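>>> Quick one: sequence plus predicted model below, questions after.
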Amino acid sequence: MPIRSSPEKIAHTRLRYETKRISERLRELRLGRKLTISRLAELSKVPGSTISKIENGQLRPSLVHAINLASALRENLGFLVARFRERPQPRAVVRRDQRDTIEYPEMGLTLQDLSGHFLPGVLEARLGILARGAHSGVGSMSHPGEEFCFVLSGAMSYRIDEATYDLCANEYLHFRSSIPHSWENAVADETRAVWIFSDGLSF
């Protein structure tokens, strides 16, 4: 009789694989741009020690570090989840069962890539699936550009500077993401939201 792995063991194995995959992509992109770790740290505002740990497979990047690294590398955030793209496409069609996915279990967050293999540019789109108790992490985060969040179902609570904004289904929020902010799932069930990020660059 075959031995079945527990869900926890399967999840742990998947996270180890994702960490290794991300480390390889990040190193290949950095070297392809002829950047040292120190220079990438300067451009992304991510500590060099953190970048080194990510590249060595010792650490998965937080969401905000992933966004900042992608911005510094002029790359679509999907480089963390999709196969490494040698030839980005001028048009992208992503079927509902073909979305690349990355999970942040420590945040209770699953992100599905909505940008596909589109040319790296100003906009990044993600479908966020927020489990019960999901949150953006300890403390506030900030990253370049703008952030647009449209709640599809459930509810979210955003804190931007000292202000709090409660969003229900079919409501949205648009703000400059350089302002310190955080969010959390505001219901006991799953919440789904579409995020659109802009780094404000012109290409």
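Nice, I can see it.

>>> quick one: pLDDT of the most centrally placed residue in the chain?
Residue closest to the mean C-alpha point of the chain, counted by Cα atoms, centre = their mean, is L63 at 4.4 Å. pLDDT recorded at L63 is 78.

>>> how far away is it from W183?
Separation of L63 from W183 (Cβ to Cβ, to the nearest Å) stands at 11 Å. For the C-beta atoms, the positions are set from N, CA and C on the backbone; glycine is no exception.

>>> again, but for H117
Shown here: H117 relative to W183, a distance of 28 Å by Cβ to Cβ.

>>> same thing with A163?
Going from A163 to W183 by Cβ to Cβ gives 13 Å.

>>> Settle it for me: which of these two has more neighbours?
Shown here are A163 and W183; by other Cβ atoms under 10 Å, W183 has more neighbours (27 against 10).

>>> List the beta-bridge partners for the more buried one.
Bridge pairing for W183 (DSSP bridges) gives the partners Y158.

>>> Next, the contact list for it, please.
Contacts for W183 (Cβ atoms under 8 Å, 6 or more residues apart in numbering) come out as 135-136, 149, 156-159.

>>> Show the buried residues in the residues you listed.
When those are checked for burial by 16 or more other Cβ atoms under 10 Å, the buried set is 136, 149, 156, 158.

>>> Which parts of the protein are helices?
Ranges of helices in the chain, per DSSP state H, are 7-32, 37-44, 48-55, 63-72.

>>> quick one, which of those helices is packed in tightest?
Compared across the helices of the chain, helix 63-72 shows the largest average neighbour count, a mean of 22 (mean count of other Cβ atoms under 10 Å).

>>> So which residues make contact with that one?
Around helix 63-72, the neighbours that count as contacts under Cβ under 8 Å, 6+ apart are 26, 40, 43-46, 50-51, 54, 61, 76-77, 79-80, 104, 107, 109, 111, 124, 136-137, 141-145, 197, 199, 201.

>>> any idea of the angle that helix forms with helix 37-44?
Going by axes from the mean of the first three to the mean of the last three Cα atoms, to 10 degrees, helix 63-72 is angled at 100 degrees with respect to helix 37-44.

>>> can you tell me which residues contact R176?
145-147.

>>> whoops, I mixed them up, D199
71, 122, 124, 144-145.

>>> Any idea how many residues pack against V138?
Residues near V138, counting by other Cβ under 10 Å: 10.

>>> Okay, it and P90: tell me how far apart.
As for V138, its distance to P90 is 40 Å (criterion: Cβ to Cβ).
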